[in-house]
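>>> only geometry, no sequence info:
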């Protein structure tokens, strides 16, 4: 990979080997799925929107980094 | 409200709000008095921010441009997989008339940066960029990709050669490859700004300017003087230019 940045690579990729994120995919409806990162049992952080409808990407509710509070424990579903 | 967007919001609420609720944002549903009450309690106002409509959209390009690798969490990143569909939505949505791009970036992935730059340069709607703080490295092609570019007097842009991270094989082919990658950036920048290819290459390989590297730092007016950006100015100038371009575009099509 080619990085073109004024920050040195060792600074950007520091902790890269130990950094691990676990993602889950949740389906909202026929058109949109969200890739989320679990913070704890009740909170999910949106990482990516997966949809072919471009309008979803402009919705404030779906911006990456948004934290979703769940009232359901998703672990029970798995 | 734009019908399609309302449909999406309704679907979102039906399918999602029952189970989850977004933190910091309130669902924009006039039927739900509870939400309005909550907004009133928390923010001291009855209208939620999502009901404020604007005919221009802003996309901030901040931190690292994140490409094919997910960067460690301490990096602030701009994700290309999110920005690119946003650009499509801005171009397609009839209620959006123009795009303001705000840059404060240290650079990042070449392919992701060039992808964003190419998308913006091929948009039909008026686009204006403004550089605040810094628009370094791959931020340069993204800045020049808009119809008109501004830089605030104190912002800087660093132009330097590409570096390779990780294992580098010391053969002439490595340098040829780097040269090819550099050419992609140089060609894009010279095509979308007033700066000639040779001049940009000279800035990229200039010695004696940077402490630990070769290259050039351009501050405010210097970026305009070399022909890279169009004008020195802040938010007021950038918005005025965008409004002017929108009006001009409207006259052509009406």
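Noted; the coordinates are in hand. This one's a predicted model, so the numbers in the text were calculated from it and none came from an experiment.
>>> all strands for the chain, in order.
No chain was given, so I picked chain A. Counting by DSSP state E, chain A has strands at residues A:3-5, A:23-27, A:32-40, A:43-51, A:67-70.
>>> chain B is the one I meant
B:20-22, B:56-66, B:77-79, B:98-109, B:127-135, B:148-151, B:156-159, B:216-219, B:231-232.
>>> for chain B, which of the strands of chain A is the nearest?
Of all these, strand A:3-5 sits nearest to chain B, with 3.1 Å by C-beta to the nearest C-beta. Bear in mind the C-beta positions are built from the backbone N, C-alpha and C, glycine included.
>>> and that closest one, is it in reach of chain B?
Yes. Using C-beta under 8 Å from any C-beta of the partner chain, strand A:3-5 comes into contact with chain B via A:3, A:4, A:5.
>>> of those residues, grab the buried ones for PyMOL.
Here is the PyMOL command that selects only those of these that count as buried (16 or more other C-beta atoms under 10 Å in any protein chain shown):
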select buried, chain A and resi 3+4+5
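>>> nearest to residue B:196, of the residues of strand A:3-5 next to chain B?
Checking those against residue B:196 with C-beta to C-beta, the nearest one is residue A:4 at 20.9 Å.
>>> now do the buried residues in stretch B:164-178.
By 16+ other C-beta under 10 Å, the buried positions in stretch B:164-178 come out as residue B:178.
>>> quick check, distance from it to the centre of its chain.
30 Å (C-alpha atoms, centre = their mean, to the nearest Å).
>>> could you look over the strands of chain B and pick the most buried one?
Compared across those, strand B:148-151 shows the largest average neighbour count, a mean of 26 (mean count of other C-beta atoms under 10 Å in any protein chain shown).
>>> partner strands of that one, with direction?
Take DSSP bridges as the rule and strand B:148-151 pairs in its sheet with strand B:127-135 (parallel), strand B:231-232 (parallel).
>>> quick one: residues in contact with it.
With contacts defined as C-beta atoms under 8 Å, 6 or more residues apart in numbering or on different chains, strand B:148-151 is touched by B:127-131, B:135, B:143, B:157, B:193, B:220, B:223-224, B:229-234, B:237-238, B:241, B:245.
>>> go with 6 Å
By C-beta atoms under 6 Å, 6 or more residues apart in numbering or on different chains, the list of residues contacting strand B:148-151 from outside reads B:128-131, B:143, B:220, B:223, B:229-233, B:237-238, B:241.
>>> then stretch B:61-78?
A:15-16, A:19, B:79, B:103-105, B:108-109, B:111-113, B:138, B:142.
>>> need the phi and psi values for the closest residue to chain A within the stretch 151-254 of chain B.
Closest approach between the stretch 151-254 of chain B and chain A, counting by C-beta to the nearest C-beta: residue B:165, at 3.5 Å. Backbone torsions of residue B:165, given as degrees, to the nearest 10, read phi -110, psi 160.
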